[in-house]
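Participant: I'd like to go over a predicted model; first the sequence, then the structure.
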Amino acid sequence: MTDSTADAVSAASRGAAEYRANPYPVYARLRESAPVCRLSPPHGVDTYLITRYDDAKAALTDPRISKDMYAAMDAYHTIFGDSSVALDDNMLFSDPPKHTRLRRIVNSAFSPRRIESLHPRIQQVTDELLERCPTDAPIDLLSSFAFPLPLVVICELIGIPEDEREEVQQWCATVARTGFSKADKEKLAQAEGTLRDYFAGLIVRKHKNASDDLLSDLIRTQDEQGALTDGELLSTLWVLLFAGHKTTAYLIGNAVFTLLNHRDQLEEILADPALLPNAIEEVLRFEGSVENGTFRHALEDITIRGTLIPKGSLVQIALSSANRDPEKFSCPDSFDVRRQGLQSTHLGFGSGPHYCLGAPLTRMEMRTALTTLFQKFPKIELASEASEAEWLKVPFPAFRGLERLPVKLVP
Ligand code: HEM
């Protein structure tokens, strides 16, 4: 690694504002001079960051790079502490055959028919939220629209009662935002304990009062052989809730921000709405909301591009970097809603066995949210300079998203 790349990585590792505003030049240097780069994250466990497309795609399916948290308990405890274990006993933290079993059960309750049936309700919530937004002063689109929409959708899908959603969202926010200091870990443990108790209570209530939501479906399948244990059920609710709302919220924000900064392409979409689905795929590539894949670790010594990743190290896969790799995408730093062949190539939803379970739901939510927003407010504009946008400031984070998105809703 050159000195200038090392400096850039060090700035990125401190979460420097300049890097967060535009992490892509750092990723470009890493792809060039340190495509498998050793990081020193604050939690202290050795971590290797993979930044090239081909390596990222291969690593996402490499059985030597595990997602089984029980096989890496020491590292797991160091990073997350005891309190996360019960919540993370789900498909996202397991390998086959356990992963295959858990995913199959949830998949069947997450059928295309159920997703399709959500559309009228997604449209209604979208309309109601936008109806409530004032048009005479700038608003923060993230807090008034982008966050509430997916939260309502995922809560309704799971079966979380309306008057309990606000509190559930607060606990999730605490879990998502905590760092690695002792005080942070205590806060994390408290929020996770509360969420655990909440889900356990919800499961008991649904046992007594089943309805047509996903949780009731999952409870019904518990009589079958190989079904979810109570612990797996609880932790599956958590992964759906957590994975299912922040990701989509940040993607709505990233999509609106990017399209407003490429007004000519937004006008093309308004003139020809058939372009929107591909535009959403391009947002997933160009400014996807999951910057890095989740917790993985090396089951044995692995060498990638001449760099040894010792057994037990963490492996982080920089999806946002892979999606800007010029070896895979021509002019990767240009946003182009007409780019071809995106759906099968970009890594915005990951790849391989852990490919996002919620991708069809997300695509539908994105289409509904963006179509309605831009039809209702075709002259919507940013209420502050694009260069002043406040991006999340965590170093090499899971999410890529804005802290807020001030806009003027002009009908
Ligand atoms: C913009 C929206 C979304 C994005 C960008 C996104 C992205 C991702 C990515 C990159 C992964 C793979 C992580 C890895 O391999 O480390 C993933 C997995 C997953 N996502 Fe999503 N996601 C989104 C929305 C959703 C929604 C709405 C749901 C649920 C309703 C969901 C549920 C899941 C689940 C359960 C997994 C784990 C799958 C497995 O381990 O087999 N996601 N997602």
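Facilitator: Received, thanks.
Participant: quick one: the helices in the stretch 51-200 of the chain?
Facilitator: 53-61, 73-80, 98-109, 112-117, 119-132, 141, 148-158, 165-177, 182-208 (DSSP state H, counting those that start in this stretch).
Participant: Quick check: the residue of this protein nearest the ligand.
Facilitator: Taking Cβ to the nearest ligand atom as the measure, the chain has Gly358 as its residue closest to the ligand, at 2.1 Å. The way it works is simple: take the backbone N, C-alpha and C, and place the C-beta from them, glycine included.
Participant: shaky segments in the stretch 201-350 of the chain?
Facilitator: Nowhere does the stretch 201-350 of the chain drop to pLDDT under 70.
Participant: Near the ligand, which residues of it? Just list them.
Facilitator: 239-240, 243-244, 247-248, 251, 288-290, 293-294, 319, 348-350 (Cβ under 6 Å from any ligand atom).
Participant: Mind checking which of those are in helices?
Facilitator: Among those, DSSP state H puts 239-240, 243-244, 247-248, 251, 319 in helices.
Participant: Save those as a markdown table, and put in neighbour count too.
Facilitator: What follows is these, written out as a markdown table (neighbours: other Cβ atoms under 10 Å):
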| residue | neighbour count |
| --- | --- |
| Val239 | 21 |
| Leu240 | 22 |
| Ala243 | 18 |
| Gly244 | 23 |
| Thr247 | 22 |
| Thr248 | 24 |
| Leu251 | 27 |
| Leu319 | 29 |
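Participant: Quickly check these for the two that are furthest apart.
Facilitator: Leu240 and Leu319 (20.2 Å; Cβ to Cβ).
Participant: Show me the strands in this structure, by range?
Facilitator: 36-39, 47-50, 65-66, 139-140, 296-298, 302-304, 307-309, 314-317, 381-382, 406-408 (DSSP state E).
Participant: Pull up the pairing partners for the fourth one, direction included.
Facilitator: Note on strand 139-140: by DSSP bridges, its sheet partners are strand 406-408 (antiparallel).
Participant: just the fifth one next, same as before
Facilitator: Sheet pairing of strand 296-298 (DSSP bridges) gives strand 65-66 (antiparallel), strand 314-317 (antiparallel).
Participant: Kindly report the same for the second one.
Facilitator: The pairing partners recorded for strand 47-50 under DSSP bridges are strand 36-39 (antiparallel), strand 314-317 (parallel).
Participant: Tell me which of those is the most buried.
Facilitator: strand 314-317 (a mean of 23; mean count of other Cβ atoms under 10 Å).
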